[in-house]
Structures are given as structure tokens and as C-alpha cells.
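Novice: This is the structure alone, sequence omitted:
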């Protein structure tokens, strides 16, 4: 399998990306290839002189870089030789079987969608993140690919995420919740209410109805569906809250009379706890609905995150999630009157720079 | 001051409401009156035979009850003698200076808006919740009154919440953040982007720009503005996540070799921690923008929550937040071309049942 990585994407690029890619070589098989995409003069001096692994490492030159905060579409137009653009092109031309980036999420989504196109019958792709909750993994989709969400998109996120949760975690009939502001059927905005009607029509989805923010951590569902704005707020809020909570507990301990005893115990406990609930272990989030395997990693990805991301795409590719999604959608007529698989450049992407 | 309370609203009504009201009597002054609204035959047997407090307790009969999950507008129409309807009427007729309910939030917002009306120049009211974060109190508005949010609403939430944070917490120039999916100016959906332009035009608002979900707990802002759907998800997610996290840490402790030592220490520590970050202490959330003082309490309100809620409205009423909001808005022309103070029954409320 050939896996291409944006060497310039992420807060710790290129060093963390390059060392993560090198670490992954040890775990890959003969015939596998890791392709680092970025400026040759930056990457090559950082590579080990010689490796003894069966998998190979290649560099594909891309002289330009799109910054984490640059406007996505505008940057892609102005920098056709950026690492993200070239990465997407490798995916399009079948030079790579999977693409990975920890860079500008908006630019990645736009580039993958424009170059690699959507899967047959998919209207808009969505980013699926796995929350390692205390009650088991919960897949949340979308967390930021699509902030102009239509009911058909939410319906398709329910399908795609169900297949993802089934194939990845072995959950036979994943329970799907639609994030809203109350559990009752009548609660929600217009998009949510219309999406609920679409999802309900599909007997193959194990739909449990509306869920609230608090339910995500309660083990009531395996998949939670929402529009990208809401999902993005959920993702970042969760990160910030856990960080803040641990900091506050630490402060509380430091004023405790037995802080010298309780402090080290708590540290060990937290270490064990975070190992179980660590996004670095998951590698990244799959962009569901793209005609290819595309993984979007956290901006703060470390080398082990990248190593895990490479191993994750190998797994995703092997279980052929895309084939199963395409098969499902080709047999479904629900929401068929809504425009499906619109030209991505026409539909929504133009507005992405203003997102 | 005369404070009316929905005796039938909340998961622990009427018992928790009635005992909270009775507890508050001990803290109120001569001339103060607490008015319990609900079925006389239910409330009166639960009242103490005789109290020796200077403040008085009255019962106003309301035979019907709107359930926590009933459709708001439809229920208000069908049950004009429900405790929420009568409560709102007491506010309208100046029989009460403040109204409090822990009942159906949608029905409360609709009833207060229809009966008591909006403050002059306010387009839509918003629920302001105080998050007692580790870095200080953060006021978040709106958390669920308005899920068909317009830019002018977000601008007015910024004004009203700034006044609230200043008057309540003594923060002289509250820093206002607009919740979006990235810090850069170009990030956000259409409503957020237009709201940012409105807020920026007002030099009296200490606007720090977009914030992300994680920033709420980082001490970067005193006020966070968002539309009601997003705010409601934030509110409930935070509750659920803290609950889940504490549960997970507890489980981790139970498998720890020193659980007999660390367990009780952690319990004491958590108790202290939660006392600082406890919504029961805040009593409830003010509905900003209503022509009156209206407090919406958590559905799980206990008697101490209700007691604190009564003391909170007394404080709010005393510092005249409404007078300061009206003064500010009457001097501001920003967003003036947008429809202001539309008839609430026409504008949005009709759709509330489908929310």
C-alpha cells in the first residue's frame, strides 16, 4: 500500500511528521511505501541515511506550504504546488492509496474533495472523529468539513458513520443519535427535523432519535450525527474542558494537606487514564465520503500520532469502508430527490474561504 | 420585592420548589413576598403551619401543569391556567417583580416573551448561563431561547451579557468572544460572520473576536456569544463530560493499589472542587432582554437551588440590569435597519413547537 503524507502540515511539522513516517516503516510490510510530500531541500536532510526496513520511503517535491490559518480555497488556487495540493493530486492520480495531513483542515477537505472527488452518491463528505468515551468509542460526524449542512448530508453521515463503527469496532448494529437540544421528536432546528425524517425512513439504520450534548458520554449511542459547526465546537470544547478540569484538580491537590502523598498517586492515575482516552492513539479522523482514503490529523500531532495515523489508514483501506458505503447508497432511494454528488467546486466550496 | 415561582416546574417539583421557597423566607426582608404558583390543593398541605419570618408567602392558584417535554406553544394555548401561564401573567400585570421557573424551558421563554414582552429595542431574548470555570466566571448567551438566530440577536447578546457580567461580577470591561470554528476572522457560518461585523462596529464592546470551544475554559473571555442550538449543546455537553470524567477517575481509583488511602482523599477533594463549580449555587439563568426579571432554573433544581434562585433575582432586580440594557440600546444605531422588537408571536414563536 502507498501512503502519502503532507510533511509540512501541523504545529510540529516537518520534524514530527518525518520521524512519525520513519517510525511507521518498522511496522509496515514489504511492498508498502510511505511518500513524504513537501520541499525536498527541507525533508531530505532530516531523513535517516539508511534504513533496513522492507517498506520504502519516497519524497515527492512540493515547494509551497499552506499555513494553518490561511484561507483554504484562495491558498489552493494561489499555491498549486503546495504540499496539500500535491498530496491531493497523488490521491487523484492513484499514485497513492491513502493521503494523510495534519495541516489546515479547511484546505485539506477542499483539496481532497476537488481532486479526489466524492464517492458515488455522496453529497458532501464529513469528518468522523472517534471519542474514546468512558462507555466505549463514539463516532461523531461531522466535526468541521461542512458548515452549510443539509438534511441529506446528515442522513448520509448516519449511514457512513454506522458502516465505519461496524467495520472498525465490530459493533453489529450501531445505535445512531442525532444531536439536538432535547430528546423529544419535536425539538431541533429545521435541518435537524428534516434529517430526522430522512433517517427514520431507513429501516437499516438503528436510529435512537435525538440525543443531547450530555448523552455523548453516557453510552446511549455508538454514532452521533451533527452539522460541522456544532461538531467542531463539541470536539474543541471537550479537549479544553478535560484540560481545564485536570488542571483544576491538580491545583486542588496542591493545597491539600496530604499533597505529598496524593500528588504522585494522582499523577500515575491520570497517566493511566489518559492512555485510554488519548487522541494520539487514534492517529486521526477519516474524511468519510471521499473517493479514496483520506485521514485528517490533529494540528498538534506528534510523531507517534503520525505513526498511528499511517497504521490506521492501512487498516481502513484493508476493510474497504468506501466499497461498503457505495454499495449501501446505490441501493437507497431516500432523499434521492435532493441533489446528490453535486460538483464540489460549485456546491459550497466557493464559500469555504468565508467559513 | 414580590417574587413568583412556578411550584410545578422541575424534576423534583413541587416538594423541592416549596421547601426552597420556605427556606428563602428566612433570608428575605420585611415587605418581601414569595408567591407560589400552582394547584392550591397540592401546595397548601405542604406549607408550614406558621412561620415567624418578616417576609410573607402567598399561593396563587393555577390548576394545570405543562410537562417538561410538552410542546411549548401548543401547551400554553391549551392550558391558559397552567402554572407557567399564570406565572407569566403575574409578571405582566406587575403583580410580581420577578418570575422563576425550573419547568419546561421552551414554554417559559415563550410565555414570558408573549406576556411580559421584550425590553424596548430588544429583538429576541437570550438565556445567559454563568459557567464557573477554573479561570473565573464566563457568561454564555444564548443557551437555548433562540435557535433561529440572526446576526442582530448575537450583537444584542454581546451587549446584554457584557452589562450582566459587569454589573454582576464587577468586570469593568468584559472581554466578549464569538463562538466559531476557528479564531481567524474568516471562519464561521453566515450568521456568525455577519454578527462579527455588527459587533466590531460598536466601540463600546470589548470584542476579542472569534473563540473556539476550547477557549471557554482558558480564561480568554468573560462573555461567550453563540446561537441557542450551539449554546444548548455546550451547556449539556459540559455537564455530561464532567459527570463522566469524575465517574471514570473514580473507577480508576477503585483499581488502584492504594485505593483505601486515595479514595477518601479524592472524595474530599472532589467535594471541595464541586462546591466551587456548582450550578445549584447560581440558582438559575437569567432570560436577558425580557421586560421584567425572569429566571430559568435547571430541571434538576433542588430546594437549595430554588432558595439561591430567589436570592439571585433579588440581586438582579436591585442592580437594574434591564434599565442599563435599555439605555445602551436606545443610544445604539447598529443593526438598526434590521427589524427590532418584532411582535414575538409573529416572529419565531409560532415555530417554537417544532423546535
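Specialist: Structure's in. What do you need? Since the structure is predicted, the reported quantities are computational estimates derived from the model, not experimental observations.

Novice: going forward, measure contacts between C-alpha atoms and count neighbours the same way
Specialist: Fine.

Novice: Near chain B, which residues of the stretch 101-250 of chain A? Just list them.
Specialist: Residues of the stretch 101-250 of chain A lying near chain B by C-alpha under 8 Å from any C-alpha of the partner chain: A:134, A:144, A:147-148, A:180-181, A:184, A:186-190, A:212-218, A:229-230, A:232-241, A:244-245, A:248-249.

Novice: next helix or strand past the helix or strand harbouring residue A:84?
Specialist: Secondary structure assignment for residue A:84, by DSSP states H and E: helix A:83-92. For helix A:83-92, the following helix or strand on the C-terminal side (DSSP H and E) is strand A:98-101.

Novice: Next, the angle from the next helix or strand along the chain from that following strand to helix A:83-92.
Specialist: The helix or strand immediately downstream of strand A:98-101 is helix A:105-116, counting by DSSP H and E. Inter-element angle recorded for helix A:105-116 and helix A:83-92: 30 degrees (by axes from the mean of the first three to the mean of the last three C-alpha atoms, to 10 degrees).

Novice: contacts for whichever helix or strand comes after helix A:105-116?
Specialist: For helix A:105-116, the following helix or strand on the C-terminal side (DSSP H and E) is strand A:126-133. Identification of contacts with strand A:126-133 by C-alpha atoms under 8 Å, 6 or more residues apart in numbering or on different chains yields A:137-146, A:157, A:161, A:216-217, A:219, A:228, A:276-279, A:282, A:284-289, A:296.

Novice: any weak-confidence spans in chain A?
Specialist: Within chain A, the stretches with pLDDT under 70 are A:258, A:269, A:272-280, A:336-355.

Novice: Quick check on the residues of the stretch 101-250 of chain A next to chain B: which are buried?
Specialist: A:134, A:144, A:147-148, A:180-181, A:186-190, A:212-218, A:229-230, A:232-241, A:244-245, A:248-249 (16 or more other C-alpha atoms under 10 Å in any protein chain shown).

Novice: Centroid-nearest residue for chain A?
Specialist: Centroid check for chain A by C-alpha atoms, centre = their mean gives residue A:285 as the closest residue, at 1.8 Å.

Novice: check contacts around that one.
Specialist: Residue A:285 sits in contact with A:127, A:128, A:129, A:130, A:295, A:296, A:297, where contact means C-alpha under 8 Å, 6+ apart.

Novice: Which single one of those residues is nearest to chain B?
Specialist: If you rank those by distance to chain B using C-alpha to the nearest C-alpha, residue A:127 comes first, at 13.9 Å.

Novice: what ranges do the helices span in the stretch 101-250 of chain A?
Specialist: A:105-116, A:151-169, A:190-200, A:228-254 (DSSP state H, counting those that start in this stretch).

Novice: Just give the nearest non-adjacent residue to residue A:146, would you?
Specialist: residue A:228 (5.0 Å; C-alpha to C-alpha, 6 or more residues apart in numbering or on different chains).

Novice: if we can go back for a sec, so which of the helices of the stretch 101-250 of chain A is nearest residue A:24?
Specialist: Smallest distance to residue A:24 across these (C-alpha to C-alpha): 20.4 Å, for helix A:151-169.

Novice: What residues of that closest one count as buried?
Specialist: A:151-167.

Novice: on that earlier part again, just the buried residues of the contacts of strand A:126-133.
Specialist: A:137-146, A:157, A:161, A:216-217, A:228, A:279, A:282, A:284-289, A:296.

Novice: isn't residue A:145 right up against residue A:125?
Specialist: Yes - applying C-alpha atoms under 8 Å as the test, residue A:145 and residue A:125 come out as touching, 6.9 Å apart.

Novice: Would you mind splitting chain A into its domains for me?
Specialist: As recorded under automatic domain parsing, the domains making up chain A are A:1-125+A:289-355, A:126-281.

Novice: Next, give phi and psi for residue A:16.
Specialist: phi -60, psi -40 (degrees, to the nearest 10).

Novice: And it, how close does it get to chain B?
Specialist: 23 Å (C-alpha to the nearest C-alpha, to the nearest Å).

Novice: doesn't residue A:302 make contact with that residue?
Specialist: Yes - shown here, residue A:16 and residue A:302 form a contact pair, counting by C-alpha under 8 Å, at 5.4 Å.

Novice: ok, now which ones touch the closest residue to residue A:291 other than its chain neighbours?
Specialist: Once flanking residues are discounted, residue A:291 sits nearest to residue A:119: 4.4 Å by C-alpha to C-alpha, 6+ apart. Taking C-alpha under 8 Å, 6+ apart, we find residue A:119 in contact with A:289, A:290, A:291, A:292, A:322, A:326, A:341.

Novice: so how many other residues sit close to the nearest residue to the first one once chain neighbours are set aside?
Specialist: Think residue A:289. In space, and not counting its chain neighbours, residue A:289 is closest to residue A:125: 4.5 Å by C-alpha to C-alpha, 6+ apart. Neighbour count for residue A:125, taken as other C-alpha atoms under 10 Å in any protein chain shown: 28.

Novice: Contacts only, for residue A:125.
Specialist: A:113, A:118, A:145, A:146, A:287, A:288, A:289, A:290.

Novice: doesn't residue A:288 make contact with the first one?
Specialist: Spelled out, it's residue A:113. No - if you go by C-alpha under 8 Å, residue A:113 and residue A:288 don't touch, sitting 10.8 Å apart.

Novice: okay, the helices of the stretch 101-250 of chain A in CSV with distance to residue A:266 next?
Specialist: Listed next are the helices of the stretch 101-250 of chain A as CSV, based on distance: least, C-alpha to C-alpha, whole Å:
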stretch, distance to residue A:266
helix A:105-116, 35
helix A:151-169, 31
helix A:190-200, 42
helix A:228-254, 8
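
Novice: So for residue B:7, which of those sits nearest?
Specialist: Once those are compared by C-alpha to C-alpha, helix A:190-200 is nearest, at 32.1 Å.

Novice: now that closest one and helix A:151-169, what's the angle there?
Specialist: 60 degrees.

Novice: who touches helix A:190-200?
Specialist: Here helix A:190-200 makes contact (C-alpha under 8 Å, 6+ apart) with A:149-152, A:154-155, A:158, A:178, A:180, A:185-187, A:205, A:207, A:209, A:334-335, B:355.
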